[in-house]
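Asker: Got a predicted structure plus its sequence, pasted below:
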Amino acid sequence: MKKGIKTISMTISENLLERVQAYANSLNINRSAAISVLLSQALEYKEAISAVEMMPKLNEIMETMKQRKPLRRFEEAESMSEPPDGSL
């Protein structure tokens, strides 16, 4: 067996199996390869939808960040932390 590839057993409805077989036939691949392709596509689609659904939240975060005051430069912040009499 090739490394990274596992053999599995699964239960599937006859209707779904017929659809998978038709897909496999249309690509001239076996059912196992068709199932791998279809599962991979479904997972990639799900991940893409999740990313799209996060966009409004990311836009909200970006707008919030734009409204905040910019951070002071390091030198300015450092000089402001020194006591007024110069003693450290």
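Answerer: Looks like it came in fine. Since the structure is predicted, the reported quantities are computational estimates derived from the model, not experimental observations.

Asker: how far does the biggest helix by length in the chain sit from the chain's center?
Answerer: The longest helix of the chain (DSSP state H) is helix 31-67. What separates the centre of helix 31-67 from the centre of its chain is 5 Å, taken as C-alpha atoms, centre = their mean, to the nearest Å.

Asker: Check which helices and strands that helix sits against.
Answerer: helix 14-27 (3 or more C-beta pairs under 8 Å, 6 or more residues apart in numbering; DSSP states H and E). Any C-beta I mention is one placed from the backbone N, CA and C, and that applies to glycine too.

Asker: How much space separates Y23 from A33?
Answerer: For Y23, the distance to A33 (C-beta to C-beta, to the nearest Å) stands at 10 Å.

Asker: picking up where we left off before, got the angle between the longest helix of the chain and helix 14-27?
Answerer: 90 degrees (axes from the mean of the first three to the mean of the last three C-alpha atoms, to 10 degrees).

Asker: quick one: average pLDDT of helix 31-67?
Answerer: What helix 31-67 shows for mean pLDDT is 90.

Asker: Same check on stretch 13-21?
Answerer: When pLDDT is averaged over stretch 13-21, the result is 97.

Asker: list the buried ones in it?
Answerer: V20 (16 or more other C-beta atoms under 10 Å).

Asker: Show residues contacting that stretch.
Answerer: 12, 31, 34-35, 38 (C-beta atoms under 8 Å, 6 or more residues apart in numbering).

Asker: measure the most centrally placed residue in the chain to N59 for me?
Answerer: In the chain, the C-alpha closest to the average C-alpha coordinate belongs to E47, at a distance of 5.1 Å (C-alpha atoms, centre = their mean). Separation of E47 from N59 (C-beta to C-beta) stands at 19 Å.

Asker: number of nearby residues for V37?
Answerer: 15 (other C-beta atoms under 10 Å).

Asker: next one: A34
Answerer: Neighbours around A34, by other C-beta under 10 Å: 19.

Asker: how near is it to L16?
Answerer: Distance from A34 to L16, by C-beta to C-beta: 12 Å.

Asker: Kindly report the same for P56.
Answerer: Taking C-beta to C-beta, one finds P56 at 34 Å from L16.

Asker: With E63 instead?
Answerer: 45 Å.

Asker: With that, I have no additional questions.
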